[in-house]
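In: What follows is a predicted structure for the sequence shown.
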2 protein chains.
Amino acid sequence: MKKEDQRLRYAILANDIVIFAIRDGTLNVLLVKVKKASFRGLWAVPGGLVRPSETVDTCARRYLRQVVASGDVFLEQLYTFGKVDRDPQGRVVSVTYYALIPDAERILDCSDDYAAVAWFPVDRLPELAYDHDEVVQLAVDRLRSKTTYSNIIFSLLDREFTLSDLQRAYEIVLNRKLDKRNFRKKILSLNQLVKTGKKTTGKAHRPADLYRFRLRRYATIQIL
Amino acid sequence: MKKEDQRLRYAILANDIVIFAIRDGTLNVLLVKVKKASFRGLWAVPGGLVRPSETVDTCARRYLRQVVASGDVFLEQLYTFGKVDRDPQGRVVSVTYYALIPDAERILDCSDDYAAVAWFPVDRLPELAYDHDEVVQLAVDRLRSKTTYSNIIFSLLDREFTLSDLQRAYEIVLNRKLDKRNFRKKILSLNQLVKTGKKTTGKAHRPADLYRFRLRRYATIQIL
């Protein structure tokens, strides 16, 4: 085999992370402005090359912690994107992940790595570098789908919330209205929620019960 | 960067395919005996390196067609395994897939590529090369999980089947008994099945209605 051919058998391995949060009543994704390479100045999801010494899972957590204060958030492998020409620099295969963080989670200063960092609603994204439009779309689809058969939504919520907060979170992720009475009946019947004994305060609304999830660990369950 | 370091930034990209079928009342996986490299003589799932000119998805279908006569079967990306030392030959990252085929599907002669090919029940596997025990276990978990919230089981069945065939397929994949009456009531209520108008023949049992799936395309649906 010629040297040229051998080089081509190798692919550079990258990780890209789609980070979701609910902000201002919409589902948002965290984007970074690319500093280097062919896509300089365009927005992309955070990520970069995998180091020789780390697994792809370890690497994903490293890129997550570059931008998010607490690494202790939901993070799952999404899909591996291996189109031949997805990066003009060479054969870069990206193992993508998605992460869910509560709105309160602090975003770090990562100006060493990226030219800018900002949240964007998933239905109003700017032009994205690489095939990151596909990556984000697949992550949105996966999140929507998992929301219907698991407790995944807890990762987007604060530790304590009202039933209205929870319904709103479902509506935002699923992008459709839910009937309040049916929703409450169903969600309470699942034995997933625990009353904290506390109530909301504030003048605008009547005090509402605060709940928390019995389990803050991913589990499959028929929700809606 | 030194030449050595540069080499280490590259990973060889492989595809491995877990192929399932229901055979003799158990869930089976197709294994091949490795001909070359460090694991010669051990069993593994079929697969190999990704060519520079093909996407990982195209490559997966190529390896599938090496062993299965019809390429027109359920094939889905499973997970990307990127542990640093999973292959003693170097940094090989495997993008794994799983495929489901009906028992009737013909297995090809692939003695050019593998020393042997054979079916094994998933609960009685031989020692496997690489991290393929992990790969097969994850594929089994994914299949079980998807079976509860999708119509995926159609890919393991012949085009026409009785309700008993269908129930047995569910029981084999899920590895638990189902109540016949509840199963029939639930499965018929889902509007997924169509009576073909034909019946089974044979002396051992009373003739039973033959059904087919209305849709032979993957769809999410609450089954059990």
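Out: Thanks, I have the structure now.

In: what about stretch A:67-84, start to end distance?
Out: The first and final residues of stretch A:67-84 sit 29 Å from each other (Cα to Cα, to the nearest Å).

In: tell me how far that stretch is from the chain's mean position?
Out: What separates the centre of stretch A:67-84 from the centre of its chain is 8 Å, taken as Cα atoms, centre = their mean, to the nearest Å.

In: Indicate whether that stretch makes contact with chain B.
Out: Yes. Stretch A:67-84 lies in contact with chain B when judged by Cβ under 8 Å from any Cβ of the partner chain; the contacting residues are A:Q77, A:Y79, A:T80, A:G82, A:K83, A:V84. Backbone N, C-alpha and C define where each C-beta goes, glycine included.

In: Tell me the most packed of those, by neighbour count.
Out: Scoring those on neighbours with other Cβ atoms under 10 Å in any protein chain shown, the highest-scoring entry is A:G82 at 25 neighbours.

In: contacting residues around that residue?
Out: Contacts here follow Cβ atoms under 8 Å, 6 or more residues apart in numbering or on different chains; on that basis A:G82 touches A:A11, A:V93, A:S94, B:L13, B:V50, B:T55, B:V56, B:D57, B:C59, B:V95.

In: go again using 6 Å as the cut-off
Out: When contacts are counted by Cβ atoms under 6 Å, 6 or more residues apart in numbering or on different chains, A:G82 touches A:V93, B:T55, B:V56.

In: Include distance to A:I101 when you put the residues of stretch A:67-84 next to chain B into TSV, please.
Out: As requested, the residues of stretch A:67-84 next to chain B are arranged in TSV below (distance: Cβ to Cβ, whole Å):
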residue	distance to A:I101
A:Q77	17
A:Y79	20
A:T80	23
A:G82	27
A:K83	29
A:V84	33
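
In: Just the closest of those to A:D109, please.
Out: For A:D109, the closest of the residues of stretch A:67-84 next to chain B turns out to be A:Q77, at 27.2 Å, with distances computed as Cβ to Cβ.

In: ok so the closest one is a strand residue?
Out: Yes. Assessed by DSSP: H, G, I helix; E, B strand; the rest coil, A:Q77 belongs to a strand.

In: ok, how many other residues are close to A:V50?
Out: If you count neighbours by other Cβ under 10 Å, A:V50 ends up with 27.

In: what do you get for A:A118?
Out: Tallying neighbours of A:A118 according to other Cβ under 10 Å, which is how burial is gauged here, yields 14.

In: Okay, and it sits in which element?
Out: With elements taken from DSSP states H and E, the one containing A:A118 is strand A:116-121.

In: Tell me the strands beside that strand, with direction?
Out: When pairs are called by DSSP bridges, strand A:116-121 turns out to pair with strand A:26-33 (antiparallel).

In: next one: the partner strand to chain centre, how far?
Out: 9 Å.

In: ditto for stretch A:129-139
Out: 12 Å.

In: do the same with stretch A:60-74
Out: Its chain's average C-alpha position is 11 Å from that of stretch A:60-74, according to Cα atoms, centre = their mean.

In: quick one: buried residues of stretch A:210-218?
Out: A:L210, A:Y211, A:R212, A:F213 (16 or more other Cβ atoms under 10 Å in any protein chain shown).

In: For the last one, name its beta-bridge partners.
Out: Per DSSP bridges, the residues bridged to A:F213 are A:L193.

In: Does the closest residue to A:L78 other than its chain neighbours lie in a helix or a strand, and which?
Out: Spatially, and ignoring its direct neighbours in sequence, A:L78 is nearest to A:T96 (4.4 Å; Cβ to Cβ, 6 or more residues apart in numbering or on different chains). Here A:T96 sits within strand A:92-100, counting by DSSP H and E.

In: From the contact counts, what lies against that strand?
Out: Judged by 3 or more Cβ pairs under 6 Å, 6 or more residues apart in numbering or on different chains; DSSP states H and E, the packing partners of strand A:92-100 are strand A:10-23, helix A:56-67, strand A:74-81.

In: Looking at chain A, which helix is longest?
Out: helix A:132-149 (DSSP state H).

In: what pLDDT, on average, does that helix get?
Out: Per-residue pLDDT values over helix A:132-149 give a mean of 94.

In: Downstream of it, the next helix or strand is which one?
Out: Along the chain past helix A:132-149, the next helix or strand (assigned with DSSP H and E) turns out to be helix A:163-174.

In: Would you mind listing the buried residues in that next one?
Out: Under 16+ other Cβ under 10 Å, the buried positions of helix A:163-174 are A:L163, A:D165, A:L166, A:Q167, A:R168, A:A169, A:Y170, A:I172, A:V173, A:L174.

In: which one of those residues sits closest to B:S38?
Out: In terms of Cβ to Cβ, no member of the buried residues of helix A:163-174 lies closer to B:S38 than A:V173, at 45.6 Å.

In: my read: A:Y211 touches A:L188, true?
Out: No. Using Cβ atoms under 6 Å as the test, A:Y211 is too far from A:L188 to be in contact (9.3 Å).

In: Quick one: name the residues of chain A near chain B.
Out: For chain A, the contact set with chain B under Cβ under 6 Å from any Cβ of the partner chain comprises A:8, A:10-11, A:13, A:52, A:55-56, A:80, A:82-83, A:93, A:95, A:149.

In: Let me see the domain layout of chain A.
Out: Following automatic domain parsing, one finds the domains of chain A at A:3-149, A:152-213.

In: and among those, the most buried is which?
Out: Stretch with highest mean neighbour count among the domains of chain A: domain A:3-149 (a mean of 18; mean count of other Cβ atoms under 10 Å in any protein chain shown).

In: Is A:I187 part of a helix or strand, or is it coil?
Out: Using three-state DSSP, the three-state assignment for A:I187 comes out as helix.

In: so where's chain A uncertain?
Out: Judged by pLDDT under 70, chain A has its weakly predicted residues at A:1-10, A:71, A:222-224.

In: same thing but 90
Out: A:1-13, A:35-40, A:49-54, A:69-73, A:82-93, A:103-113, A:148-150, A:190-191, A:201-206, A:215-224 (pLDDT under 90).

In: Now do A:F20 against A:L143, distance only.
Out: 6 Å (Cβ to Cβ, to the nearest Å).

In: actually A:N175, not the one I typed
Out: The span separating A:N175 from A:L143 equals 11 Å under the rule Cβ to Cβ.

In: do A:R168 as well
Out: In this structure, A:R168 and A:L143 are 16 Å apart, going by Cβ to Cβ.
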